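> coordinates only, no sequence provided:
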């Protein structure tokens, strides 16, 4: 009965959110307000970060989509990939593994750097996306569909949903996070060599801005943006 109520609630959210997204579609190309001191090319690609209708966002930049079977597809939101840039490998959870909300679910690797991403819900992993282990670039091309990380059978779903965001609230929070990220980047030093390499193509980096930052900036990003 609880599962049916949750599913009906999600359907209602999706219907309302679809109308809102249609009404706002012509404004999606509008650039975000620049932060003073941040070169335009450093935030190249962040302006198009979005969240689809019917998808919940967690405070650690994970997403969750409820399935009719009572399970949930979980992944990493578009913001994370655009900020990090190149992802060399993904360490997936194991089927059957028990996960706790706020604890690491998956680890993204870029060279020797690690970015643990935390679960938005308690539950048991029932399936993982093995294709990501072979093709981590899918997170860049299709983070909300083909780029799912795991299917989780959730526990304490009702309480978890109260802490997640959907529809207008999710989009407003994501915009705030983008502004916060720009301010964060403005306060950090750039790696000179990496900047020179990025500018060889005419002024736009081909990967995420964190590739141009030092190790301390990477660690601070994971602590400030990927923690819950």
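In hand now; what should we look at? Being a predicted model, the structure only gives us computed values, none of them experimental.
> who touches the most centrally placed residue in the chain in this structure?
Nearest to the centroid of the C-alpha atoms of the chain, with distances taken as Cα atoms, centre = their mean, sits residue 77, at 1.9 Å. Applying Cβ atoms under 8 Å, 6 or more residues apart in numbering, one finds that residue 77 lies in contact with 49, 51, 57, 61, 62, 63, 143, 144, 174. C-beta coordinates here come from the backbone N, C-alpha and C atoms, glycine included.
> any idea which of the residues you listed is closest to residue 153?
Minimum distance to residue 153 across the contacts of residue 77 is 16.3 Å, recorded for residue 62 (Cβ to Cβ).
> ok, how many other residues are close to that closest one?
A count of nearby residues for residue 62, using other Cβ atoms under 10 Å, gives 24.
> re earlier: give me the pLDDT for the residue nearest to the centre of the chain.
Residue 77 is assigned 93 on the pLDDT scale.
> quick one: it and residue 94, what's the gap?
23 Å (Cβ to Cβ, to the nearest Å).
> distance of residue 136 from residue 106?
As for residue 136, its distance to residue 106 is 11 Å (criterion: Cβ to Cβ).
> name the residues contacting each of those two.
Going by Cβ under 8 Å, 6+ apart, residues that sit against residue 136 and also against residue 106 are residue 90.
> what residues are bridge-paired with residue 66?
Residues in a beta bridge with residue 66, per DSSP bridges, are residue 72.
> so it makes contact with residue 72?
Yes. With contacts defined as Cβ atoms under 8 Å, residue 66 counts as touching residue 72 at a distance of 5.3 Å.
> residue 136 and residue 106: who's more crowded?
Per other Cβ under 10 Å, whichever of residue 136 and residue 106 has more neighbours is residue 106, with 23 against 19.
> how about the more buried one, what does it touch?
Residue 106 makes contact with 76, 90, 91, 92, 93, 116, 117, 149, 150 under the criterion Cβ under 8 Å, 6+ apart.
> and the second one, which of the three is it?
Same thing as residue 90. In three-state terms, and counting by DSSP: H, G, I helix; E, B strand; the rest coil, residue 90 is strand.
> burial count for it?
22.
> from residue 130, how far out is it?
Note on residue 90: its distance to residue 130, by Cβ to Cβ, is 10 Å.
> please apply the same query to residue 218.
Computed with Cβ to Cβ, the distance linking residue 218 and residue 130 is 27 Å.
> so residue 120 touches residue 58, yeah?
Yes. Residue 120 is in contact with residue 58 according to Cβ under 8 Å; the separation is 3.3 Å.
> which neighbours do the two have in common?
Residues touching both residue 120 and residue 58 by Cβ under 8 Å, 6+ apart: 64, 164, 228.
> which of those residues fall in strands?
Assigned to strands by DSSP state E, the following of the shared contacts of residue 120 and residue 58 qualify: residue 64.
> by neighbours, which of the shared contacts of residue 120 and residue 58 wins?
Compared across the shared contacts of residue 120 and residue 58, residue 64 has the highest neighbour count, 23 neighbours, by other Cβ under 10 Å.
> mind listing the strands for the chain?
Taking DSSP E, the strands of the chain run over residues 56-57, 62-66, 72-76, 89-91, 98-99, 104-110, 113-118, 122-128, 150-155.
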